[in-house]
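Got a sequence here, can you model it:
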Amino acid sequence: MSREALCRRLGYTFAQPQLLQRALTHRSHSQAHNERLEFLGDSVLNCTVAKHLYDAYPDLPEGDLSRVRSNLVNQQTLYTLAQQLDLGELLQLGEGERKSAGHRRPSILADAMEALFGAVFLDGGFDAAQQVVLGLYVPYIKQADVQALGKDAKTLLQEYLQGKKLALPQYTVAAIQGEAHAQLFKVACEIAQLKLITHGEGVSRRAAEQAAAEAAYRKIFS
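Below is the predicted model of the structure:
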């Protein structure tokens, strides 16, 4: 995928292409890396998502709004969005990170997503950055149960199965990739009585199980 294709997916064209280049550059590649942009993007992301939730769900209390926002702006969700954009293909990484599959590492991809938001903010201002964030997040939010986003996916799935008097799901680690300090876990969630198997990835076994449980929960209600 090209940078032009990425811009089309984001719905934004950079007036200063060097900002996009920096956003896609990991610190292992050069000194002109994306960490400062990531700092900016994190703030833009939190503010934009908080405002959207505030406007879209006027009856949701503060505690639930906070939990939903935390679920939406965390590393796992950013990693999922980065995968949807095929962002890893465009990352500039040092040789060591490239050899260790850094372009698939959740932490690197999540940081690059935030850096992208920061780059758009510097290039086009807050309104432009907000539009990019919402363009990615609103479809994601619409696919999910907002009330459920504030809760634990494994708990939601367990409660549903218990309510139907079905056996609880079995979680199995299918693979562990990467070095010890930056591993990627792949987990399968099997619900035998429903003949359903889903998969999830995460930076820990727990995060991967949550992703697999969320996939199963969505599939049941799709």
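
in which helix or strand would I find residue 6?
helix 3-10 (DSSP states H and E).

my bad, residue 175
strand 170-177.

now the helices: where do they sit in the protein?
3-10, 17-23, 35-56, 62-72, 75-84, 95-99, 106-124, 126-143, 146-149, 153-163, 205-221 (DSSP state H).

most tightly surrounded among the ones you listed?
helix 106-124 (a mean of 24; mean count of other C-beta atoms under 10 Å). No exception for glycine: its C-beta is placed from N, CA and C like everyone else's.

show me where pLDDT drops low in the chain?
144-151 (pLDDT under 70).

hmm, back to that, okay, the angle between the helix holding residue 6 and helix 106-124?
Relative orientation of helix 3-10 versus helix 106-124 (axes from the mean of the first three to the mean of the last three C-alpha atoms, to 10 degrees): 80 degrees.

Now do helix 3-10 and helix 126-143, the angle between them.
Calculated by the same axes, to 10 degrees, helix 3-10 forms an angle of 70 degrees with helix 126-143.

coming back round to it: what pairs with the strand holding residue 175, parallel or antiparallel?
strand 184-191 (antiparallel) (DSSP bridges).

Any buried residues in the strand it pairs with, and which?
Buried residues in strand 184-191, counted by 16 or more other C-beta atoms under 10 Å: 184, 185, 186, 187, 188, 189, 191.

residues contacting the fourth one?
This points to residue 187. 171-174, 199-202, 205, 208-209, 211-212 (C-beta atoms under 8 Å, 6 or more residues apart in numbering).

ok, 10 Å please
Applying C-beta atoms under 10 Å, 6 or more residues apart in numbering, we find residue 187 in contact with 171-176, 198-202, 205-213.

would you list the helices of the chain in CSV and tack on distance to residue 180?
Putting the helices of the chain into CSV (distance: least, C-beta to C-beta, whole Å) gives the following:
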stretch, distance to residue 180
helix 3-10, 31
helix 17-23, 28
helix 35-56, 23
helix 62-72, 27
helix 75-84, 18
helix 95-99, 15
helix 106-124, 14
helix 126-143, 31
helix 146-149, 31
helix 153-163, 25
helix 205-221, 14
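
I'd like to know which of those lies nearest to residue 29.
helix 95-99 (7.8 Å; C-beta to C-beta).

what is the orientation angle of the strand holding residue 175 with helix 205-221?
130 degrees.

tell me the contacts of the residue lying farthest from the centre of the chain?
No residue in the chain sits farther from the centre than residue 165, which is 32.5 Å out by C-alpha atoms, centre = their mean. When contacts are counted by C-beta under 10 Å, 6+ apart, residue 165 is found next to residue 193.

Same question for the one 5 residues further on.
Shown here is residue 170, whose contacts under the criterion C-beta under 10 Å, 6+ apart are 188, 189, 190, 191, 192, 197.

Touching, the fourth one and residue 215? I think so.
If I follow you right, that is residue 191. No - look at residue 191 against residue 215 with C-beta atoms under 10 Å: they stay out of range, at 11.3 Å.

No further questions, thank you.
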